[in-house]
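A.B. asks: after the sequence you'll find the predicted model.
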Amino acid sequence: MWLGLVVVLPLTALVLRPWEVGLSGIWSTLTEDRVLAALRLSFGVSLLAALTNIPLGLMTAWTLTRYEFPGRRVIDALVDLPFALPTAVAGIALTAIYGPTGVLGEPLAKLGIKAAYNPIGIYIALLFIGLPFVVRTVQPVLQDLDREVEEAAQTLGATNLQRFRLVVLPAVLPALVSGFSLAFARAVGEYGSVIFIAGNMPLKSEIAPLLIVIKLEQYDYAGAATVGLAMLLISFGALLAVNGLQLVLARRGRA
Amino acid sequence: MNFRQADDISAPTPTALEIKGISKAFGRFPALKQVSLQAKDKEFLALLGPSGSGKTTLLRVLAGLETPDAGEVRFAGEDFLALPVRRRKVGMVFQHYALFRHMTVAQNIAFGLTVRKRAEKPGKAEIADRVAHLLQLVQLEGLDKRYPSQLSGGQRQRVALARALAIEPRMLLLDEPFGALDAQVRRELRRWLRELHDRAGVTTVFVTHDQEEALDLADRVAILKDGELIQLGTPNEVYEHPATPFVFDFLGQACRLPGVVDGGRLRIAGWEGEAPAGAPQGPVEVFFRPDEVAFAPPGGTGLATQVRGVAQRGPDVRIDCHVEGAPMELQAHGPSLPPGVGPGLSVRITPLRPQVYAAA
């Protein structure tokens, strides 16, 4: 019932709105170069960032669960920062750091890498906001992992790499996939932290959520809803695929 | 599998495992203090002790999962501590099985073979062959495609054992392997494990806190307490001649009374008998098993005993009594009570095989 009110009602509005301009209207909006570029950018960079967050998040979670070092609790708390920070604050902070005069941006610029006001900037922002999703889904699984199982693998002659690949990875894989899909979903919808660092150049570094806002400001409600609907369908398809993968993974070993 | 030929009986069995002065502390807590012992080739050695005695730590040192602070471990003359875990070729079996949950039984057993370097890895057909053979050995034929979660505890532990045996281990290390199983399954597996050991002919070190299991199963038993080796001997030796009151107490039920040894005589309260050979002089603690006593009528010789209650449990009789004023529980076997024993009656008892330790 609640799910119906909270989720389905707005979605219905989103699905119905574009039809005001008819099928041809929808088609012409979707085939606009600017819309296509924005969708491609949003989903492409989100996918890339979420994929990068898999090893990054796994390493962070691994370090936090396996090693005892001074400041571990502080770092553990810091992981949640992207959750808690207003996204606009995150965006401004990231721009300050990675901008052409920023702490990291300046040396990077000297190396010939421009880390803000282009898709690389978007990628950095999406990495930042996606990381805690992977860390927080993987961490409890790593914590619960039976050390004896790894020790058994060692006594049977497995190298460290084999132990990780054959024993640890299969155990955390379902959690990694969930973490990935959460990070991806968040990245696709991310707005605040991205628009400051993105540069927002149409066709180059303009993300789809921003385009929706632009269309709204131009009173093109149907156009905004069309882009929204496209995002909805692609996201839904992606999450469906991830859930399917999850199901396959869960069936293995627990049948 | 490694079915070796039975050795010529006259040939001395070489020492396989040599542990010298192993010490290990976890922070301030000393888990092992200068432990030294040897195991002969193909011997079945039990490490017995209460929890916290260091027995599991010692086993983990042998496996390489724990690094000792001091001491030496040699296997067949080779410096074992210099080898990393994966090169020691020891088959380790854990109390909670430690199976790979996402792998089938067959994949679990084959694990040690499939992780080998390409040059040493047996072919697919050979691996399948060996898995089939091991499944037969642990009596789990037909379960090769199951996952661990689909097996009972006893079956899981047998898979773990097959997995450990698959690498043709130089030594088998078992960490309370039956600890998580119920009594019935435990007893069955115990006999089966001993047979398996005799057939495979692998030096085996077995950790347990169950004295019955250790005495029943092992060729020799090493008894540990607070990180120290207290006694090492055959089950018979340690049971018949416990080195300390702790060992006596740990290996079975114990009755204790204060006494005095003077010359060759042992005196307990008003009773006097021959002191056991080698007994310390002066005040002593006398230990005896509750079922190793002789009963006599009140006018006879022995320790004055008031019987307070009698309980018959199957073939055993438990006699709740006061011996020379000290509350005690004695045992007798057989369908009828010893003559003269009944609630409220007085008898005299004589310990048949007292052990005498210097009073602390």
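C.D. replies: Structure received. Keep in mind that what you see is a predicted model, and the values were worked out from it rather than measured.
A.B. asks: quick one: contacts for the nearest residue to B:Arg267 once chain neighbours are set aside?
C.D. replies: Distances taken as C-beta to C-beta, 6 or more residues apart in numbering or on different chains place B:Val260 nearest to B:Arg267, at 4.8 Å, with adjacent residues excluded. (Glycine included, C-beta is placed from N, CA and C.) Applying C-beta atoms under 8 Å, 6 or more residues apart in numbering or on different chains, we find B:Val260 in contact with B:266-267, B:282-284.
A.B. asks: go with 10 Å
C.D. replies: Under the criterion of C-beta atoms under 10 Å, 6 or more residues apart in numbering or on different chains, the neighbours of B:Val260 are B:266-269, B:272, B:275, B:281-284, B:286, B:356, B:359.
A.B. asks: so what pLDDT did the residue in the stretch 151-300 of chain B that chain A sits nearest to get?
C.D. replies: Closest to chain A within the stretch 151-300 of chain B is B:Ile167: 5.9 Å, counting by C-beta to the nearest C-beta. Note on B:Ile167: pLDDT of 93.
A.B. asks: buried residues in the helix or strand harbouring B:His133?
C.D. replies: Following DSSP states H and E, one finds B:His133 within helix B:124-137. Buried positions in helix B:124-137, judged by neighbour count with 16 or more other C-beta atoms under 10 Å in any protein chain shown: B:127, B:130-131, B:134-135, B:137.
A.B. asks: that older thread, just confirm the residue of the stretch 151-300 of chain B closest to chain A contacts B:Glu120, I think it does.
C.D. replies: No - counting by C-beta atoms under 10 Å, B:Ile167 stays clear of B:Glu120, with 11.0 Å between them.
A.B. asks: what touches both of the two?
C.D. replies: A:157, B:113.
A.B. asks: neighbour count: those two, which is higher?
C.D. replies: For B:Ile167 versus B:Glu120, the count of surrounding residues by other C-beta atoms under 10 Å in any protein chain shown is larger for B:Ile167: 19 against 8.
A.B. asks: and the nearest residue to the more buried one once chain neighbours are set aside, which of the three is it?
C.D. replies: Using C-beta to C-beta, 6+ apart and skipping the chain neighbours, the partner closest in space to B:Ile167 is B:Gly112 (3.8 Å). Classification of B:Gly112 by DSSP: H, G, I helix; E, B strand; the rest coil places it in helix.
A.B. asks: got a list of what B:Gly112 touches?
C.D. replies: By C-beta under 10 Å, 6+ apart, the contact list for B:Gly112 reads A:152-153, A:155-158, B:86, B:89, B:91, B:163-169.
A.B. asks: B:Tyr239 touches B:Glu292, doesn't it?
C.D. replies: No - judged on C-beta under 10 Å, B:Tyr239 makes no contact with B:Glu292 at a distance of 11.7 Å.
A.B. asks: any residues of the stretch 101-250 of chain B in contact with chain A? List them.
C.D. replies: Contact residues, the stretch 101-250 of chain B versus chain A (C-beta under 10 Å from any C-beta of the partner chain): B:101-104, B:107-108, B:110-117, B:120, B:146-150, B:160, B:163-164, B:166-167, B:169, B:173, B:175.
A.B. asks: select only the buried ones of those in ChimeraX?
C.D. replies: Restricted to buried positions by 16+ other C-beta under 10 Å, the ChimeraX selection for those reads:
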select /B:101,102,103,104,107,108,110,111,112,113,114,115,116,146,147,148,160,163,164,166,167,169,173,175
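A.B. asks: looking at the residues of the stretch 101-250 of chain B next to chain A, which are in strands?
C.D. replies: Under the assignment DSSP state E, these contribute B:173, B:175 to strands.
A.B. asks: quick one on the thing from earlier: so between B:Tyr239 and B:Glu292, which is more surrounded?
C.D. replies: More crowded of B:Tyr239 and B:Glu292, by other C-beta under 10 Å: B:Tyr239, with 17 against 14.
A.B. asks: how many neighbouring residues does the residue nearest to the more buried one when sequence neighbours are not counted have?
C.D. replies: Closest residue to B:Tyr239 apart from its sequence neighbours, by C-beta to C-beta, 6+ apart: B:Leu251 at 5.5 Å. Using other C-beta under 10 Å, B:Leu251 is surrounded by 22 other residues.
A.B. asks: what about the helices in the stretch 1-150 of chain A?
C.D. replies: Listed in chain order, the helices of the stretch 1-150 of chain A (DSSP state H, counting those that start in this stretch) span A:2-3, A:9-16, A:22-30, A:33-66, A:72-78, A:81-84, A:87-98, A:105-110, A:119-144, A:147-155.
A.B. asks: show me what the third one is packed up against.
C.D. replies: Read it as helix A:22-30. Helix A:22-30 sits against helix A:33-66, helix A:221-251, with contacts defined as 3 or more C-beta pairs under 10 Å, 6 or more residues apart in numbering or on different chains; DSSP states H and E.
A.B. asks: closest to B:Phe75 out of these?
C.D. replies: helix A:33-66 (29.8 Å; C-beta to C-beta).
A.B. asks: that closest one - what's its average pLDDT?
C.D. replies: pLDDT averaged over helix A:33-66 gives 94.
A.B. asks: do stretch B:259-278 as well
C.D. replies: 87.
A.B. asks: go on, stretch B:342-352?
C.D. replies: So the average pLDDT for stretch B:342-352 ends up being 87.
A.B. asks: what about it, distance to the chain center?
C.D. replies: Taking C-alpha atoms, centre = their mean, to the nearest Å, one finds the center of stretch B:342-352 at 34 Å from the center of the full chain.
A.B. asks: start and end of that stretch, how far apart?
C.D. replies: End-to-end span of stretch B:342-352 (C-alpha to C-alpha, to the nearest Å): 21 Å.
A.B. asks: swap in stretch B:193-207?
C.D. replies: Terminal residues of stretch B:193-207 are spaced 13 Å apart (C-alpha to C-alpha).
A.B. asks: can you list the buried residues in it?
C.D. replies: B:193-194, B:196-197, B:200-207.
A.B. asks: dump those residues into TSV; add pLDDT and secondary structure as well.
C.D. replies: TSV is the format used below for the buried residues of stretch B:193-207 (pLDDT from 0 to 100; DSSP: H, G, I helix; E, B strand; the rest coil):
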residue	pLDDT	secondary structure
B:Leu193	90	helix
B:Arg194	91	helix
B:Leu196	88	helix
B:His197	91	helix
B:Ala200	84	helix
B:Gly201	87	coil
B:Val202	91	coil
B:Thr203	94	strand
B:Thr204	95	strand
B:Val205	95	strand
B:Phe206	94	strand
B:Val207	95	strand
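A.B. asks: circling back to that earlier point, tell me which of the helices of the stretch 1-150 of chain A approaches A:Val168 most closely.
C.D. replies: Nearest of those (C-beta to C-beta): helix A:147-155, 6.8 Å.
A.B. asks: which elements pack onto the closest one?
C.D. replies: Counting contacts by 3+ C-beta pairs under 10 Å, 6+ apart, helix A:147-155 is packed against helix A:160-162, helix B:55-63, strand B:90-93, helix B:105-114, helix B:153-166.
A.B. asks: return the most buried member of these.
C.D. replies: Using mean count of other C-beta atoms under 10 Å in any protein chain shown, the stretch among the helices and strands packed on helix A:147-155 with the largest mean neighbour count is strand B:90-93, at a mean of 28.
A.B. asks: sheet partners, orientation included, of that strand?
C.D. replies: Its sheet considered, strand B:90-93 pairs with strand B:171-175 (parallel) by DSSP bridges.
A.B. asks: in the stretch 1-150 of chain A, what residue is nearest chain B?
C.D. replies: Across the stretch 1-150 of chain A, the shortest distance to chain B (C-beta to the nearest C-beta) belongs to A:Glu148, at 4.0 Å.
A.B. asks: double-check that residue against B:Thr56; I have them as touching.
C.D. replies: No - between A:Glu148 and B:Thr56 there is no contact under C-beta under 10 Å: 11.3 Å.
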